[in-house]
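In: Here's my sequence, what's the structure:
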Amino acid sequence: RAGIDPLDREGLALLAQAEGTSWYCEAAYLLQGSEALRRYDMAQVCFEKALEIFEGSTGKRSAQYAACCVELGICIGNRRRTVDFTPRAKLMAAKWYFTGLSVRKGLLGEDHPLTVRASFGYASHSQQHDVLI
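Out: Alright, predicted model coming up:
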């Protein structure tokens, strides 16, 4: 953290996003239980912080914002599959994947591998139930 200029909002957002990724990877390693749930909660807070910073610095239509949306979708989706089996968790995972997917389609096109990844994530969380965004 010492090497990041506090005025570099994009750098701060990337750092928060990286922290979120670290937390949800730890949670996925633990699989279940209260400690995994705590790590998923920490990851979600980091991603939400990163999204807020990205929104103010790069905007909601940037590649960085889209990547963070997809990461948040992955985090919530993993949490949903292991410790939080609620319909709300499914809806939230689908929402963030869809947001990232929408931005990526506009920036990269439908056939780009990152767009396809987000599309697959959205489909996996929006199927089987009536998830409407």
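In: for the helix ranked longest in the chain, packing partners?
Out: Secondary structure of the chain per DSSP state H: the longest helix is helix 34-57. Counting by 3 or more C-beta pairs under 8 Å, 6 or more residues apart in numbering; DSSP states H and E, the packing neighbours recorded for helix 34-57 are helix 9-30, helix 63-82. Where C-beta positions appear, they are placed from N, C-alpha and C, glycine not excepted.
In: which residues touch Val103?
Out: By C-beta atoms under 8 Å, 6 or more residues apart in numbering, Val103 lies in contact with Lys60, Arg61, Ser62, Ala63, Tyr65, Ala66, Cys69.
In: May I ask which helix or strand of the chain has the lowest mean pLDDT?
Out: helix 113-126 (a mean of 84; mean pLDDT, DSSP states H and E).
In: elements contacting that helix?
Out: Using 3+ C-beta pairs under 8 Å, 6+ apart, helix 113-126 is in contact with helix 63-82, helix 87-108.
In: What sits closest to Val45 if chain neighbours are left out?
Out: Gly20 (7.8 Å; C-beta to C-beta, 6 or more residues apart in numbering).
In: remind me which residues of the chain are low pLDDT?
Out: The chain contains residues with pLDDT under 70 at 1-7, 128-133.
In: what's the spacing between Ala94 and Leu15?
Out: To Leu15, Ala94 is 27 Å away according to C-beta to C-beta, to the nearest Å.
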